[in-house]
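Chemist: 3D model of this:
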Amino acid sequence: MFENILPTYKKTIKYGFYLLILLNMLDIISTYIGIKYFNAYEANERTAYLFELFGMFLPSALKILVVVMLGYTIKTQWRSTMHLLSDSNGWTISIAVISGLNLVFLIFFLNFVYFLIVLNNINIIYNF
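Modeler: Numbering: from 1, shown residues only. The predicted structure is shown next:
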């Protein structure tokens, strides 16, 4: 039963991670546009401060690096989850399912946070 459910989780996490990459790019672009063209520093104050100090490349690279590290962690976690699922013990299958659900929750939470950040940036730019 769980062997049929976890690939669905894996597909959900895969598409959720792609959405996280897209939202990360939209966050970088909206913050850059707000700072560069509208002087809307309140859109994302910490990123605006980093943009002033180092330009666009370093803060953008740091955000992308965090998403890549998260992707690598998720990939590693899935490999261990599939290994646990192949065991016949009941408790290892439960750990595999809980681990998959934790990854789904993490991706949904991060997508929600990034979505709110992008909406806030767009709202500030639009009202400027």
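
Chemist: give the contact list for Gln77.
Modeler: By Cβ atoms under 8 Å, 6 or more residues apart in numbering, the contact list for Gln77 reads Ser99, Leu103. Heads up, the C-betas are built off the backbone N, CA and C, glycines and all.

Chemist: from the middle of its chain, how far away would the strand or helix carrying it be?
Modeler: Using DSSP states H and E, the element containing Gln77 is helix 57-86. From the chain centre to the centre of helix 57-86 is a distance of 10 Å (Cα atoms, centre = their mean, to the nearest Å).

Chemist: list the buried ones in that helix?
Modeler: Under the neighbour-count criterion of 16 or more other Cβ atoms under 10 Å, helix 57-86 has Pro59, Ser60, Lys63, Val67, Leu70, Ile74, Gln77, Trp78, Thr81, Leu84, Leu85 buried.

Chemist: same deal with stretch 108-126?
Modeler: For stretch 108-126, the neighbour count (16+ other Cβ under 10 Å) marks Leu110, Asn111, Tyr114, Ile117, Val118, Asn120, Asn121, Ile124, Ile125 as buried.

Chemist: these two touch, right, the fourth one and Asp27?
Modeler: Yes - look at Ile117 against Asp27 with Cβ atoms under 8 Å: they come within range, at 5.4 Å.

Chemist: For the buried residues of helix 57-86, give me CSV that also has pLDDT and distance to Lys10.
Modeler: Shown next, in CSV, are the buried residues of helix 57-86 (pLDDT from 0 to 100; distance: Cβ to Cβ, whole Å):
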residue, pLDDT, distance to Lys10
Pro59, 80, 31
Ser60, 84, 29
Lys63, 85, 25
Val67, 90, 18
Leu70, 91, 16
Ile74, 87, 10
Gln77, 84, 11
Trp78, 82, 6
Thr81, 77, 9
Leu84, 74, 14
Leu85, 71, 11
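
Chemist: got the angle for the helix or strand hosting Thr8 vs helix 57-86?
Modeler: Using DSSP H and E, Thr8 sits within helix 2-38. Helix 2-38 runs at 170 degrees relative to helix 57-86, counting by axes from the mean of the first three to the mean of the last three Cα atoms, to 10 degrees.
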